[in-house]
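**Q** Below are the sequence and a predicted model for it; my questions follow.
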Amino acid sequence: MRRSTLWMCALLATGTLGCKQVNEQWAKLKQKIEQKIAERRGRTATPQPVPLPTPPPPGAATDTQPPAESPGKPARAPRQIPERPEATRDAPYSSVDTGTIAPGMSEKDVYSLWGPPIAVRHQGAWTYLFFRNGCEYTCGTEDVVTLQNGQVVDAVLRWPGHGYSGQSSSPAATRPHWKPGGDTLTVKRPGTP
């Protein structure tokens, strides 16, 4: 576009912008757009008035119940208080489901010895079965049985009732150690003896 054409368009827009007819047409167009948007959203363009409840006649017994909500709004569910998280301390664990699993056992064989796990995770050909052990907090994990293609290949166990006859990838459990006052890491600054 040439510069003169742009100036003419700008003058035309400026001259007609304050015109009453242009404003009326713009208001009609805006209303049609809003109506189409409301129809697509499944609403009516103009809100419908909500009928007000009629007051009881004088001398009628008053009800102590709160007034019913309008029929257009669904009743709001009462706010639920979130459950308290589980304690972060070890809980003693005892089970009649004990035994020793071996490499090559199937998932069903493990279930028949130890019962159902508390969690199962799948990642491709790998399956991880998690069982309670009574030291989830201090050990940092549950007892874990690892299966590859449906067969046991590894187990990390801490509960004495669970056994694994193969070679575990995890070292034997160590007792947690605690030092009064915490760890004593000291950093020497340059220039100090």
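**A** Everything's here; your move.

**Q** Export the worst-scoring helix or strand of the chain on mean pLDDT to CSV, keeping only CA atoms.
**A** Of all regular secondary-structure elements in the chain, judged by mean pLDDT, DSSP states H and E, the least confident is helix 3-17 with a mean of 75. The C-alpha trace of helix 3-17 is given here as CSV (Å, rounded to 0.1, in the frame of the first residue of the first chain):
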residue,chain,number,x,y,z
ARG,A,3,1.5,6.0,2.0
SER,A,4,-1.4,8.1,0.6
THR,A,5,-3.8,5.1,0.8
LEU,A,6,-2.8,4.5,4.4
TRP,A,7,-3.6,8.1,5.2
MET,A,8,-7.0,7.9,3.6
CYS,A,9,-7.8,4.7,5.6
ALA,A,10,-6.7,6.4,8.8
LEU,A,11,-8.8,9.5,8.1
LEU,A,12,-11.9,7.5,7.2
ALA,A,13,-11.6,5.4,10.4
THR,A,14,-11.1,8.5,12.5
GLY,A,15,-14.0,10.4,10.8
THR,A,16,-16.5,7.5,11.3
LEU,A,17,-15.3,6.3,14.7
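
**Q** any residues touching that helix, and which ones?
**A** Residues external to helix 3-17 that are found in contact with it (Cβ atoms under 8 Å, 6 or more residues apart in numbering): residue 22. (C-beta placed from N, C-alpha, C; glycine too.)

**Q** and if you look at stretch 138-150?
**A** Counting contacts by Cβ under 8 Å, 6+ apart, the residues touching stretch 138-150 from outside are 90, 101, 106-107, 110, 117-119, 125-133, 136, 152-159, 162, 164, 173, 176.

**Q** Turn the buried ones among these into a named ChimeraX selection, would you?
**A** One line in ChimeraX is enough to select the buried members of the contacts of stretch 138-150, burial here meaning 16 or more other Cβ atoms under 10 Å:
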select :101,107,110,117,127,128,129,130,131,132,133,136,152,154,155,156,157,158,159,162,164
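
**Q** In strands, which of the contacts of stretch 138-150 fall?
**A** Those of the contacts of stretch 138-150 mapping onto strands are 101, 119, 126-131, 152-156, 162, 164, per DSSP state E.

**Q** just to revisit the earlier point, what's the average pLDDT for whatever helix or strand comes next after the least confident helix or strand of the chain?
**A** Beyond helix 3-17 in the direction of the C-terminus, DSSP states H and E gives the next helix or strand as helix 20-40. When the per-residue pLDDT values of helix 20-40 are averaged, the result is 82.

**Q** Right, I'll leave it there.
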